[in-house]
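J.: Below are the sequence and a predicted model; questions follow.
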Amino acid sequence: QVQLQESGPGLVKPSQTLSLTCTVSGGSISSGSYFWSWIRQPAGKGLEWIGRISTSGSTNYNPSLKSRVTISVDTSKNQFSLKLSSVTAADTAVYYCANNQRGAFDYWGQGTLVTVSS
Amino acid sequence: QSALTQPASVSGSPGQSITISCTGTSSDVGGYNYVAWYQQHPGKAPKLMIYQVSNRPSGVSNRFSGSKSGNTASLTISGLQAEDEADYYCSSYTSSSTYVFGTGTKVTVL
């Protein structure tokens, strides 16, 4: 069974770039017709889809975040990554990585809290 | 893209059935059979309960069922149990090749 684990700084200063990595285990990130997504959830609020990447490198982003988001994949390390630039306090949230297949998010990481504060 | 609309809360007694709605547009829920439902307990990651409108992943109880009519999808939980108390979210693929989540519904078992 596929397992995902997010990693990265828990504290980012305003105006800087948030960078997170998701490590996939239990299977190759390149196998199957999968996409790999990032999703976030501010405390006490709902889920927001950030974007996704295919193993061939094609991406789709949430229009509201598109100008600030970059998602990349490193198949040699079985990882994919998120970069969100020019962060503000509104970007403080738990960030999840997830496997995206069958039009749904089957497997999720445990989530990592990122706080934007000086 | 706007979040899909769900009721803020739904409650029921043990053994009863409840239904949660998820309303979108013809550009998302109404246009594709890629509607999914997730259960989230406090402090935990969401868990996939239904995919492609009405399919259950392996291991998910058959007390959970999904359907869709027009621009509205629904999740029904039958034989409500205490462990079903959680937040529930729907999601849908969209015509822009993106995904959108619902606003979330808190299910309370009375």
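T.: Alright, I've got the coordinates. Residues are numbered from 1 along each chain as shown, chains lettered A, B, ... in the order given.
J.: Any idea how many residues pack against the closest residue to chain A within chain B?
T.: The nearest approach of chain B to chain A comes at B:Tyr34, 2.9 Å away (C-beta to the nearest C-beta). All C-beta spots, glycine's among them, are computed from the backbone N, C-alpha and C. By the measure other C-beta atoms under 10 Å in any protein chain shown, the count of residues near B:Tyr34 is 18.
J.: Also A:Ile50?
T.: If you count neighbours by other C-beta under 10 Å, A:Ile50 ends up with 24.
J.: what's the spacing between A:Thr21 and chain B?
T.: Here the criterion is C-beta to the nearest C-beta, to the nearest Å. By it, A:Thr21 lies 17 Å from chain B.
J.: Specify the beta-bridge partners of that residue.
T.: Beta-bridge partners for A:Thr21, by DSSP bridges, are A:Ser7, A:Ser81.
J.: ok, it - contacts?
T.: A:Thr21 sits next to A:Glu6, A:Ser7, A:Gly8, A:Gln79, A:Phe80, A:Ser81, A:Leu82 when contact means C-beta atoms under 8 Å, 6 or more residues apart in numbering or on different chains.
J.: mind running it again at 7 Å?
T.: Counting by C-beta atoms under 7 Å, 6 or more residues apart in numbering or on different chains, A:Thr21 makes contact with A:Ser7, A:Gly8, A:Gln79, A:Ser81.
J.: Just to check, the third one is in contact with A:Ser28?
T.: No - when contacts are counted by C-beta atoms under 7 Å, A:Gln79 is not listed as touching A:Ser28 (11.7 Å).
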